[in-house]
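structure, please.
(one chain, ligands or ions: 2)
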Amino acid sequence: MSMDAKPTVLVAEKLGQAGLDLLKDFANVDCSYNLSPEELCTKISLCDALIVRSATKVSREVFESSGGRLKVVGRAGVGIDNVDLGAATEHGCLVVNAPTANTVAAAEHGIALLTAMARNVAQADASIKAGLYSVQLLYVCRLNFGKWLRNKYVGVSLVGKTLAVMGFGKVGTEVARRAKGLADRAHAIGVDLVSFDEAISTADFLSLHMPLTPATSKILNDENFSKMKKGVRIVNVARGGVIDEDALVRALDAGIVAQAALDVFTVEPPPQDNKLVQHENVTVTPHLGASTMEAQEGVAIEIAEAVVGALRGELASTAVNAPMVPAEVLTELKPYVTLGEKLGRLAVQLVAGGSGVKSVKVTYTSARAPDDLDTRLLRAMVTKGLIEPISSVFVNLVNADFTAKQRGIRITEERVILDGSPEKPLQSIQVQIANVESRFASAISESGKVSVEGKVKDGLPHLTKVGAFEVDVSLEGNIILCRQVDQPGMIGTVGSILGEENVNVSFMSVGRTAPRKQAIMAIGVDEQPSKSVLKRIGEIPAVEEFVFLDL
Ligand SMILES: NC(=O)c1ccc[n+]([C@@H]2O[C@H](COP(=O)([O-])OP(=O)(O)OC[C@H]3O[C@@H](n4cnc5c(N)ncnc54)[C@H](O)[C@@H]3O)[C@@H](O)[C@H]2O)c1
Ligand SMILES: O=C(O)[C@H](O)COP(=O)(O)O
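Numbers count the residues shown, from 1 in each chain. Ligands and ions are numbered 1, 2, ... in the order given. Take a look at the predicted model:
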């Protein structure tokens with residue numbers, strides 16, 4: 001981050017002014033458009049956030065070049081096919097989009113293309129203009145009637161036709177709503193949910209609105225064109241890649257597809273000699289679906305708010321590579337999130353060597369029904385606590401599951417449903433690590449696992465159980481755990497050794513199996529005691545084992 005501690009946001013494509021103003025209130029904003037892939041990779045190591053539209057490829061190299069600084073990529077629009085989500089997740093980088101602000105604009109453009117295509121508006125306009133142009137050049141008669149082609153551009157009517165809306169999400173729904181008014185037939189609104197094969201074989205018009213994914217890539221191909229009604233007309237305001245463009249040229253030439261209206265292309269901008277662009281039965285626009293004044297202001301505000309929120313550490317409601325947790329749930333879970341992370345940190349530090357951790361079980365006790373308790377955030381934070389003390393990896397909500405998997409750590413979850421009031425989301429969290437040896441033998445529970453358990457008390461995380469021993473220590477600062485013979489004077493002895501070195505004790509708690517037998521003393525300390533102090537504690541005759549844990 002820069003010297004003035006403001007984050008830096010790189011805006012790599014044109015963004016509405018209202019969004020830029022919002023960003024500038026919070027961050028240093030670098031608007032650099034038309035960067036080459038190499039320039040983007042060079043700049044990115046100085047940026048905390050990147051905002052793009054559809055033209056910038058946010059590739060794996062971009063994340064690798066960021067050196068861990070890039071925290072969020074904001075896609076000022078819907079489609080995220082230009083962002084390598086896998087690489088973003090691996091690098092712990094949140095990706096957010098602006099999913100709602102351009103819906104109507106895209107739907108309106110789809111309808112514009114549908115009606116313009118059906119009535120040859122673009123071709124007829126180009127033809128007349130070409131005719132007038134030759135008049136001016138040649139200084140001949142006033143009109144060139146050769147270009148006034150009223151018979152050539154006879155169109156087709158939409159009334160009574162079937163429109164198949166493929167991809168019935170936000171844009172698809174809005175297209176169907178508008179098309180209903182045009183076609184005025186129940187089955188033209190796309191509410192008959194039919195199979196893909198039925199849709200393509202019965203439609204007079206196809207309007208594409210699905211995202212580009214491995215499943216939709218080239219979904220309209222030779223095989224599927226051959227199943228279509230002869231004379232079908234196709235509108236694409238989704239992504240060029242959902243159509244096999246060579247196959248579409250063949251289908252147009254064969255008369256299977258009468259016309260196509262395309263806003264998007266596999267390669268943008270398409271090369272000059274692209275056969276679709278040149279085809280007389282194809283109408284094209286340069287990816288204008290989201291390009292209205294209103295949509296661009298809306299998208300800019302939507303993405304700026306999401307990026308600023310993410311940089312502030314808030315969970316974005318439009319995240320596309322992290323679990324979505326609504327704001328009110330997040331507020332409620334906050335102390336449990338801290339508890340989960342601290343229990344993870346404690347548990348892994350109790351393992352001898354730390355690195356053998358492969359099998360972890362997290363048990364939640366709660367009076368809430370399972371579907372009323374979203375544990376993904378808790379699991380991610382336990383994972384963060386488990387992994388960060390034993391590696392240099394930065395773990396967050398985005399990459400927690402990936403990082404655990406990559407390190408071969410299997411994390412299972414169990415919920416124990418309690419009777420009682422579901423007012424609190426959780427009663428307790430227990431973290432158990434199987435098949436490991438402990439640096440502190442008393443942390444091994446009866447089941448042979450390193451086990452720690454905690455609760456939230458008065459809004460603060462507390463350690464309440466270590467192995468089979470019940471304790472109660474607030475999880476702030478650091479902790480010393482001692483197992484000793486239960487006898488009078490132990491608290492005073494340990495307390496005075498710490499006091500001599502000015503180590504402040506914040507909390508002490510003793511849990512024992514039975515009076516005068518074994519006990520565990522959990523001591524919360526604000527400072528880290530020196531090695532010699534820890535040695536002196538270990539030399540107290542009644543102390544059988546002890547461990548210092550860094551929280
Ligand atoms: N031309 C433009 O400027 C422009 C503007 C906005 C959106 N878009 C494109 O349109 C797409 C849709 O936008 P949206 O806001 O409606 O998104 P959305 O997520 O609301 O809708 C997408 C729909 O497609 C469906 N879908 C996914 N895979 C499918 C498949 N294999 N077959 C059929 N349906 C499938 C989903 O279930 C969902 O209902 C975006 O991903 C983007 O690529 C383009
Ligand atoms: O997916 C989208 O939102 C649209 O394709 C808009 O893309 P654009 O931001 O490049 O106009």
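
got phi/psi on residue 388?
phi -60, psi -40 (degrees, to the nearest 10).

wouldn't it be in contact with residue 345 here?
Yes: with contact defined as C-beta atoms under 8 Å, residue 388 counts as touching residue 345 (7.3 Å). For glycine as for every other residue, the C-beta is placed from the backbone atoms N, C-alpha and C.

which of the two has more neighbours?
For residue 388 versus residue 345, neighbours defined as other C-beta atoms under 10 Å are more numerous around residue 345 (24 against 17).

list the contacts of the residue in the chain positioned nearest to ligand 1.
With C-beta to the nearest ligand atom as the measure, residue 169 is the residue of the chain nearest to ligand 1, at 1.7 Å. Applying C-beta atoms under 8 Å, 6 or more residues apart in numbering, we find residue 169 in contact with 209-210.

need the pLDDT of it.
At residue 169, the model reports a pLDDT of 92.

check residue 148 too.
76.

now do the SS call for the residue lying closest to residue 384 once chain neighbours are set aside.
Closest residue in space to residue 384, ignoring its immediate chain neighbours: residue 395 at 4.1 Å, by C-beta to C-beta, 6 or more residues apart in numbering. Three-state call for residue 395 (DSSP: H, G, I helix; E, B strand; the rest coil): coil.

low-confidence stretches in the stretch 151-300 of the chain?
184-191 (pLDDT under 70).

ligand 2 contacts on that one?
287, 289-291 (C-beta under 6 Å from any ligand atom).

if you set the cut-off to 8 Å instead, what comes out?
Selection of the stretch 151-300 of the chain residues close to ligand 2 by C-beta under 8 Å from any ligand atom yields 237, 239, 264, 287-291, 296, 299.

among these, give me the pair with the biggest separation.
239 and 296 (19.1 Å; C-beta to C-beta).

and stretch 107-125, does that touch ligand 1?
Yes: interface with ligand 1: stretch 107-125 contributes residue 109 (C-beta under 8 Å from any ligand atom).

pick out the residue in the stretch 1-150 of the chain sitting closest to ligand 2.
Closest point on the stretch 1-150 of the chain to ligand 2, by C-beta to the nearest ligand atom, is residue 77, at 2.6 Å.

where does that residue land on pLDDT?
At residue 77, pLDDT is 97.

contacting residues for the spatially most central residue of the chain?
Note on the chain: the residue nearest the mean C-alpha position is residue 321, at 2.1 Å, using C-alpha atoms, centre = their mean. Contacts for residue 321 (C-beta under 8 Å, 6+ apart) come out as 85, 88-89, 94-95, 398.

switch the cut-off to 10 Å
73, 80, 83, 85-86, 88-90, 92-96, 397-399, 402 (C-beta atoms under 10 Å, 6 or more residues apart in numbering).

dihedrals phi and psi, it?
phi -130, psi 30.

which residues of this structure lie near ligand 2?
So the chain meets ligand 2 at 13, 53-55, 75-80, 97-98, 102, 106, 237, 239, 264, 287-291, 296, 299 (C-beta under 8 Å from any ligand atom).

buried among those residues? Need that as a selection in ChimeraX.
In ChimeraX syntax, the buried subset of those is picked out as below (16 or more other C-beta atoms under 10 Å):
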select :13,53,54,75,76,77,78,79,80,97,98,102,106,237,239,264,287,288,289,290,291,296,299
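
roughly how far is stretch 476-488 from the heart of the chain?
Chain-centre distance of stretch 476-488: 42 Å, with C-alpha atoms, centre = their mean, to the nearest Å.

just the buried positions in it, please.
476-484, 486.

contacts only, for residue 342.
Contacts of residue 342 (C-beta under 10 Å, 6+ apart): 381-382, 385, 429, 431, 452, 454, 461-463, 475-476, 479, 549, 551.

likewise for residue 444?
350, 433, 436-438, 450-451, 466-468.

same thing but 7 Å
Contact analysis of residue 444 by C-beta atoms under 7 Å, 6 or more residues apart in numbering lists 438, 450, 467.

for the first one, list each beta-bridge partner.
To tie it back to what came earlier, the one meant is residue 438. Counting by DSSP bridges, residue 438 forms beta bridges with residue 351.

so for it, what's the pLDDT?
For residue 438, pLDDT reads 94.

now swap in the last one and tell me
Among the per-residue scores, residue 467 shows a pLDDT of 93.

so which residues of the stretch 51-200 of the chain form helices?
60-65, 85-90, 103-118, 121-138, 170-183, 196-202 (DSSP state H, counting those that start in this stretch).

possible to save the ones you listed as TSV with distance to residue 208?
Below are the helices of the stretch 51-200 of the chain laid out as TSV (distance: least, C-beta to C-beta, whole Å):
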stretch	distance to residue 208
helix 60-65	28
helix 85-90	22
helix 103-118	9
helix 121-138	19
helix 170-183	9
helix 196-202	11
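
out of those helices, deepest packed?
helix 103-118 (a mean of 22; mean count of other C-beta atoms under 10 Å).

specify the angle between that one and helix 170-183 in degrees.
40 degrees (axes from the mean of the first three to the mean of the last three C-alpha atoms, to 10 degrees).

other SSEs contacting helix 103-118?
helix 170-183, strand 205-208, strand 232-236, strand 257-262, strand 282-284 (3 or more C-beta pairs under 7 Å, 6 or more residues apart in numbering; DSSP states H and E).

could you give the mean pLDDT of it?
Averaged over helix 103-118, pLDDT sits at 97.

list of residues touching that helix?
So helix 103-118 is contacted by 122, 155-156, 158, 170-171, 174-175, 178-179, 205, 207, 233, 235, 237, 259, 261, 263, 283, 288-290, 292, 295 (C-beta under 7 Å, 6+ apart).

if you set the cut-off to 6 Å instead, what comes out?
122, 155-156, 158, 170-171, 174-175, 178, 207, 233, 235, 237, 259, 261, 283, 288-290, 292, 295 (C-beta atoms under 6 Å, 6 or more residues apart in numbering).

list the contacts of the residue nearest to residue 264 when sequence neighbours are not counted.
Among residues not flanking residue 264 along the chain, residue 240 sits closest, at 4.4 Å (C-beta to C-beta, 6+ apart). Applying C-beta under 6 Å, 6+ apart, we find residue 240 in contact with 264-266.
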